[in-house]
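J.: After the sequence you'll find the predicted model.
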Amino acid sequence: MARTEQSPNDAPIWTPSAGCPTNITATIPGYNPHTLPAGHYNFPSTAVVHEALTHCPGLSSLYLRVALRGCSNWPDRWNLPFALEGGTTYPPLKHLSLEGYDFDQSEWTDARPPDWWFDLGAWSWWVQSGRAARWWEYRKLPIEERIKTNLDLWLDAMEFEKLESLGMRVDWAVPKSFEEKAIPRLEGLKELALYEAPDCGRSAAWIRRLKPLTSLKWIGGFGMDGVAPRALLSRHGKTLETLELRREEWLGGRRPVLSVTELEQLRESAPRLKSLSVDVNRNGTWPVEELEAIANISSLERADGWLEYASDLALEEYYQGKQAYEMESRHRNDDLLLQNPLLDKKGAEKLWDIMRKKAGERLKEVVFYAGDWTRSWDGPLHLAGWLEHKKERWYCSEGGCVEKWGDHEYDGIDEEESLSEVEINDEDEEEKRELKALQKEMEL
C-alpha cells in the first residue's frame with residue numbers, strides 16, 4: 001500500500017481500512033496526532049493496538065510502552081484488552097518489547113462487586129462503569145476461564161514459541177507469573193534485553209533456563225558479586241555475540257563493576273563475542289587495565305565503556321541531602337563535582353589509543369559514555385537531581401573521536417523517543433529503514 005498523503009496536522013488514527021503494517025511502535029497514551037508527520041498513523045490507545053494485532057496476520061514486531069504521561073495523561077488501560085471468554089488470535093510475533101505492562105491484571109477480579117455493601121457510591125460506580133454487566137456475563141464462564149489473567153489470555157492468543165527477540169523494562173523485577181508461565185514457551189528466543197531495578201536479583205535463574213542466546217542485555221537487576229555473570233556465561237557464553245551488563249549511574253553510591261579478571265575471562269567464556277557494553281570506573285586515574293582486558297577479547301569488534309560522571313564530592317553532597325541548586329551554588333567551579341580525569345576529547349582519544357594498541361584494526365569502534373543517559377522524564381512533576389541530563393558521549397573509530405549528543409537518550413532499550421505511529425509503505429527501501437529502526441528499538 002502506498003504512502004497515504006496526509007497533512008502533518010491531520011495524522012489519522014489507524015483503522016483496519018488503512019491497511020496492515022508489519023511493525024508497530026506505540027507509546028500509550030499516544031502523542032498528539034498533530035505532531036505526526038505525513039503518511040503516519042496514530043496508535044493512541046491499547047484498544048487500537050489490539051485491533052491491529054487481531055486484524056493483521058503479517059505483523060512481526062511490537063514495541064509497546066504504557067505509562068502515565070505528565071500529571072494527568074493516563075492510558076486507557078495498562079495492558080491489551082483481551083476478551084475473557086477467549087477466541088483472540090494474534091500473529092506469531094518475532095520481536096516484542098514491553099514497558100509498563102501489567103501481566104497480572106484479572107478481568108474477573110476487576111468486575112467483581114464492591115466489598116462494602118453499604119458504600120452506595122461504590123455500588124453506583126460499579127453499575128455505571130459497566131462492571132456489573134461484565135460481571136454478570138463472566139459468571140457464565142467456567143471457573144478455569146473466569147480466573148485467567150491478562151498474561152494467560154495473551155499466551156492463549158499467540159505462539160510465544162516463535163519469538164526471537166524479547167525486551168522488557170520493569171520497575172522492579174519481571175513478574176513471577178511471567179517467569180513461571182511465559183519463560184517455558186520461549187523456545188525460539190535468540191535475543192533478550194532486560195531493564196530492572198538494581199539488585200532485584202531474581203532473573204538470573206530463569207535467564208539460565210533459556211536456550212543459548214546470541215544477544216543478552218541486562219541492565220540494573222544483576223548483582224556484581226560475580227555469581228550472576230559467571231552463571232549466565234556458563235549457559236550462554238559460547239553463543240553470545242552481544243553482551244551488555246551494566247547499571248545506570250546514580251548519586252547513591254559507586255556502581256559495582258566487572259573486575260579485570262572477569263573481563264579477561266570473557267576471552268574464553270564468550271569466544272564469539274563481537275560487541276560488549278560494561279561499566280568501568282575511574283578513581284583519579286583512567287581504568288587502563290580494564291580497557292586493555294576488554295581490548296584483548298580476540299573476537300571483539302566494538303565496545304561501549306560507561307564511565308561515571310559524578311565525583312566523590314558530588315556523592316557526598318547527595319548523601320547529605322543537598323539539592324541540585326545547593327550543590328551548584330556551593331561549588332561554582334562545577335569541575336569539583338565531576339569525576340577525574342575528565343572525559344573530554346583528549347581523554348576519549350587517550351582511551352581509544354590504549355584499546356586500539358591492544359586490539360589493532362580488529363576493534364572498529366568504541367563509544368565512551370558518562371553521566372545520565374536515561375530517557376527524559378515525561379511523568380508527573382518531580383524535582384530533578386543534580387545528575388539529571390548531565391552527560392558525555394564520544395564515538396571513537398579509525399578517524400578519531402567525535403562528541404555526539406542528539407536527542408537519543410540511551411536507556412538500555414535503544415529506544416529513540418518513540419511515536420505512537422506506524423508508517424504504511426510498501427516501498428522496499430522504506431521498509432528496510434523501518435525494520436532497521438525497529439531492530440534498534442528492540443535491543444533493550
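T.: Thanks, I have it.
J.: Once you drop chain neighbours, what's closest to residue 106?
T.: Nearest residue to residue 106, sequence neighbours excluded (Cβ to Cβ, 6 or more residues apart in numbering): residue 149, at 5.2 Å. (Glycine included, C-beta is placed from N, CA and C.)
J.: Quickly note the distance from residue 135 to residue 50.
T.: Residue 135 sits at a distance of 22 Å from residue 50 (criterion: Cβ to Cβ, to the nearest Å).
J.: Find me the pLDDT at the residue nearest to residue 106, would you?
T.: pLDDT, the model's per-residue confidence, is 98 for residue 149.
J.: Surely residue 165 is in contact with residue 96?
T.: Yes - the pair residue 165 and residue 96 qualifies as a contact (Cβ atoms under 8 Å) at a distance of 7.1 Å.
J.: Among those two, which residue is more densely surrounded?
T.: Just comparing residue 165 and residue 96: by other Cβ atoms under 10 Å the higher neighbour count belongs to residue 165, 23 against 20.
J.: Give the bridge partners for that one, please.
T.: The partner list for residue 165 in beta bridges (DSSP bridges) reads residue 95, residue 191.
J.: who's in contact with it?
T.: Shown in contact with residue 165 (Cβ atoms under 8 Å, 6 or more residues apart in numbering): 94-97, 189-193, 215, 442.
J.: Can you add distance to residue 113 and give those residues back as TSV?
T.: As requested, the contacts of residue 165 are exported to TSV (distance: Cβ to Cβ, whole Å):
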residue	distance to residue 113
94	42
95	41
96	35
97	37
189	41
190	46
191	45
192	41
193	41
215	48
442	42
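J.: What subset of the residues you listed is buried?
T.: 94-97, 189-193, 215, 442 (16 or more other Cβ atoms under 10 Å).
J.: hang on, isn't residue 373 packed against residue 390?
T.: No - using Cβ under 8 Å, residue 373 is not in contact with residue 390, being 10.1 Å away.
J.: So which bits of stretch 204-216 are buried?
T.: If you call a residue buried by 16+ other Cβ under 10 Å, then stretch 204-216 has these buried ones: 204, 206-207, 210, 213-216.
J.: which secondary element of the chain has the worst mean pLDDT?
T.: Lowest by mean pLDDT, DSSP states H and E among the helices and strands of the chain is strand 421-423, with a mean of 38.
J.: quick one, strands of the stretch 251-400 of the chain?
T.: Taking DSSP state E, counting those that start in this stretch as the criterion, the stretch 251-400 of the chain carries its strands at 275-279, 302-307, 365-371, 391-397, 400-403.
J.: List just the one of the ones you listed that sits closest to residue 184.
T.: Each of the strands of the stretch 251-400 of the chain was checked against residue 184 via Cβ to Cβ, and the shortest separation belongs to strand 275-279, namely 28.6 Å.
J.: Just give the strands next to the closest one in its sheet, each with its orientation.
T.: Strands that pair with strand 275-279, judged by DSSP bridges, come out as strand 242-246 (parallel), strand 302-307 (parallel).
J.: is it possible to export the ones you listed to a markdown table including mean neighbour count?
T.: A markdown table is the format used below for the strands paired with strand 275-279 (neighbours: other Cβ atoms under 10 Å):
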| stretch | mean neighbour count |
| --- | --- |
| strand 242-246 | 22 |
| strand 302-307 | 22 |
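J.: Could you dump these into TSV and include mean pLDDT and distance to residue 123?
T.: Shown next, in TSV, are the strands paired with strand 275-279 (pLDDT from 0 to 100; distance: least, Cβ to Cβ, whole Å):
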stretch	mean pLDDT	distance to residue 123
strand 242-246	95	51
strand 302-307	97	54
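J.: export those strands to JSON lines and tack on distance to residue 379?
T.: As requested, the strands paired with strand 275-279 are arranged in JSON lines below (distance: least, Cβ to Cβ, whole Å):
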{"stretch": "strand 242-246", "distance to residue 379": "23"}
{"stretch": "strand 302-307", "distance to residue 379": "24"}
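J.: Quick one, which of these gets closest to residue 73.
T.: Each of the strands paired with strand 275-279 was checked against residue 73 via Cβ to Cβ, and the shortest separation belongs to strand 242-246, namely 31.0 Å.
J.: Can you pull out the residues in contact with the closest one?
T.: Outside of strand 242-246, the residues within contact range by Cβ under 8 Å, 6+ apart are 191, 193, 214-219, 222, 229, 255, 258, 266, 270, 273-279, 304, 306, 412, 443.
J.: again with stretch 251-264
T.: For stretch 251-264, the external contacting residues (Cβ under 8 Å, 6+ apart) are 223-224, 226, 229-230, 245-247, 249, 278-281, 289-290, 293-294, 296-297, 308, 310, 314-315, 318-319, 385-387.
J.: Show me where the stretch 101-250 of the chain has its helices.
T.: Taking DSSP state H, counting those that start in this stretch as the criterion, the stretch 101-250 of the chain carries its helices at 107-111, 120-128, 131-138, 143-146, 150-157, 176-181, 203-209, 227-236.
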